[in-house]
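A.B. asks: would you be able to build a 3D model of this:
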Amino acid sequence: MIPNPHKLGVHKLLKHIPLNGLFDAPSKARLRKAVNIADLRLCAKQRAHKMVFDYLDAGADDEISLRRGKDAYSELEMHFHILSGLKPPLDLSTKIFGQDVKLPFFGCPTAGNRMFHWEGESAAARAAAHHGTLYGLSSLATTGITEIGKLHSGPKVFQLYVWKDRELVKEVLAKAKEGGFHAMALTVDFTWYGNRERDIRNDFSIPPKYTLNQVVEAIKKPAWTYDFLSHPEYTYACINKDVPADSLAAFVNSQIAPEFDWRDAEWLLGEWGLPSAVKGVCRPDDAVKAVETGFSTMWVSNHGARQLETSPATIDVLPSIREAVGPDVEIILDGGVQRGTDICKALALGADSVGVGKPYLYGLAAGGTEGVIKAYDILKVELDRAMGLLGTGTVDELKKRGPGLIKRRHGSVRDYPDRYAYERGYGGGVI
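C.D. replies: Predicted structure coming up:
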């Protein structure tokens, strides 16, 4: 086993040798040419260590749910109105958790952002502030609550896992309140760790194991590797910033509480006392139970298709959940979103806002803050165009008229790219 370079102090030496710009020049050139999220994915794949990219890109088991989550949007047609008297740019503003935002979509809270790029969660917070939208911070973030508060003064949601240690929960929630977070999201679909086979094959770990294979893969991606080696080792900063991520991993695994139930959720809501979402809803009856328990927001999600294989596409279950909870309960949806048209369809079918995970993380892995801002730019322009062509001038109008504008069709092989699609330019071509 090769020694850990951070324990040897290599980062303290390399921080005085600013070669990041040199190594990142090809990545920045690719990023400038990207025109959609599929392009950003390819940019991320070119820059990031294989194990890191596969962690970001993968789903559970055979990745059936991952593919279905994307394909489900292809089965929804947009039956547009004409001569609507609209002109760009449209008003995309709305409210999320009762707070005014300029966009009806935002970056989902995701763990360990500094593994993708040294800027980590800071880049995502800057991009959210730049676009005036909600920012979501994971309790397993590699950037602290206080630092995020300095970068993003607008609406923020703090994501929490189902921990066993109630004192730890109280401590983390107190930090989030003090840090200006307006809402809390309890992730309830992570009581077991999903079977992500790409990670197993890659011998994925946080931070990387310094095996010969990992070193070879690191040499292939010099921009990512120099970033990693020239910055301090990352920690889970919201829990204990002094403990390295590798040491804390066992602690985190020991803290996940599979037995967490509705009574525990009631206790948590009492401790928080502010707007709260239950993240991981896929059934109407669970949504009704969550409302009765006291959650203000239903977050329709299957954890990015990374947990239970063959869980349903979230866009497919959204209408039934909206029907079950009625028109006044806030609903957030994430899962499978790759286009602004996907966001448009979700808003039309019952979501009040939409979370995106992979799209902004592709941008982060491709180019830090610049890449995340570009991901938001792409989705914003696509959403504006889709709403305009559909004939809806505001988010409120889209939500009110949406069910009559979106119709389901039977899928066919013409809807999805084949193995040679990129060579023909399908989905953005090759960067």
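A.B. asks: tell me the SS of Lys7?
C.D. replies: For Lys7, the assignment made with DSSP: H, G, I helix; E, B strand; the rest coil gives coil.
A.B. asks: now it: how far from Pro232?
C.D. replies: The spacing between Lys7 and Pro232, counted by CB to CB, to the nearest Å, is 12 Å. C-beta here means a position set from N, CA and C on the backbone, and glycine is covered the same way.
A.B. asks: who has more neighbours, the two?
C.D. replies: Taking neighbours as other CB atoms under 10 Å, Lys7 and Pro232 compare with Pro232 leading, 12 against 9.
A.B. asks: name the nearest residue to the more buried one, sequence neighbours excluded.
C.D. replies: Distance criterion CB to CB, 6 or more residues apart in numbering; nearest residue to Pro232, sequence neighbours excluded, is His11 at 5.8 Å.
A.B. asks: does that neighbour really touch Ser230, like I thought?
C.D. replies: Yes. At 5.7 Å, His11 counts as touching Ser230 under the criterion of CB atoms under 8 Å.
A.B. asks: average pLDDT for the host helix or strand of the residue nearest to Pro232?
C.D. replies: Under the criterion of DSSP states H and E, His11 resides in helix 10-14. Averaging pLDDT along helix 10-14 gives 80.
A.B. asks: okay, buried residues for the next helix or strand after that helix please.
C.D. replies: Scanning forward in sequence from helix 10-14 by DSSP H and E, the next helix or strand is helix 20-33. Neighbour-count burial for helix 20-33, counted by 16 or more other CB atoms under 10 Å, picks out Asn20, Phe23, Asp24, Ser27, Lys28, Arg30, Leu31.
A.B. asks: name the next helix or strand downstream of helix 20-33, please.
C.D. replies: helix 37-47.
A.B. asks: other residues contacting that next one?
C.D. replies: For helix 37-47, contacts defined as CB atoms under 8 Å, 6 or more residues apart in numbering pick out 26-27, 30-31, 33-34, 53, 56-57, 116, 221, 223-224, 338-339, 358-359, 361-367, 371, 374-375, 378-379, 427-431.
A.B. asks: ok, 6 Å please
C.D. replies: 27, 30-31, 34, 53, 223-224, 338, 359, 362-363, 365-366, 375, 427-428, 431 (CB atoms under 6 Å, 6 or more residues apart in numbering).
A.B. asks: which ChimeraX command selects the buried ones in the residues you listed?
C.D. replies: With 16+ other CB under 10 Å as the criterion, this ChimeraX line picks the buried residues out of these:
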select :27,30,31,34,53,223,224,338,359,362,363,365,366,375,427,428,431
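A.B. asks: so what's the residue count around the nearest residue to Lys209 once chain neighbours are set aside?
C.D. replies: The shortest distance from Lys209 to any non-neighbouring residue, by CB to CB, 6+ apart, is to Asp203 (6.2 Å). The number of residues packed near Asp203 is 12, by other CB under 10 Å.
A.B. asks: any weak-confidence spans in the stretch 1-150 of the chain?
C.D. replies: By pLDDT under 70, the weakly predicted segments of the stretch 1-150 of the chain are 1.
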